[in-house]
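>>> missing the sequence, but the structure's below:
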Ligand SMILES: [Zn+2]
């Protein structure tokens with residue numbers, strides 16, 4: 001007999017973490033960012049979440065960890081362990097497709113290896129105004145076509 005896929009603890013924890021925003025870009029959850037590396041449940045039912053730090057030295061890292069711990073506790077997993085996964089290092093390439101869509105809708109150009117496209121009009125005729133935008137993890141650009149300034153999530 002095939003029944004519906006059971007709602008696993010892993011899936012429940014993932015949904016819980018999807019509610020934890022990135023402090024720098026609140027439209028993105030930690031799941032969208034791609035920093036949740038694993039969600040495991042051991043034989044005793046204790047949840048372990050592997051988190052990667054984002055940009056090295058980014059002050060948001062400690063805050064993210066605290067917010068994840070709070071979300072897990074509120075979700076009923078007060079004994080959950082959070083482990084730091086340093087290798088391989090997180091890069092912006094790990095931002096999910098859903099995360100990139102949200103960034104664009106928020107007016108932030110998602111990370112790209114090539115020319116940075118304007119999130120307003122799509123023009124590739126863009127210029128760096130400042131290597132540091134509203135936070136150290138973003139650069140400030142201006143579109144030469146529609147003249148709108150915008151943040152670009154820097155590719156690390
Ligand atoms: Zn533009």
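On my side now, so go ahead. These numbers were taken from a predicted model, which means no experiment stands behind them. Residues are numbered from 1 along each chain as shown.

>>> quick one: the strands in the protein?
36-41, 47-51, 81-84, 108-109, 126-130, 138-143, 149-153 (DSSP state E).

>>> pLDDT score for residue 112?
pLDDT, residue 112: 76.

>>> if we can go back for a sec, for the strands of the chain, give me TSV that also has mean pLDDT and mean neighbour count.
C-beta: built from backbone N, CA, C; applies to glycine. Formatted as TSV, these follow (pLDDT from 0 to 100; neighbours: other Cβ atoms under 10 Å):
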stretch	mean pLDDT	mean neighbour count
strand 36-41	96	16
strand 47-51	97	20
strand 81-84	95	13
strand 108-109	90	22
strand 126-130	92	14
strand 138-143	91	19
strand 149-153	90	21
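
>>> which residue packs closest to residue 77, ignoring adjacent ones?
The shortest distance from residue 77 to any non-neighbouring residue, by Cβ to Cβ, 6 or more residues apart in numbering, is to residue 47 (4.7 Å).

>>> any idea what the one you found is bridged to?
Beta-bridge partners recorded for residue 47 (DSSP bridges): residue 41.

>>> okay, now the domains of the chain?
Per the record, the chain has its domains at 9-94, 108-153, by automatic domain parsing.

>>> can you tell me which of these is nearest to residue 102?
domain 9-94 (4.8 Å; Cβ to Cβ).

>>> sweet, I'm off.
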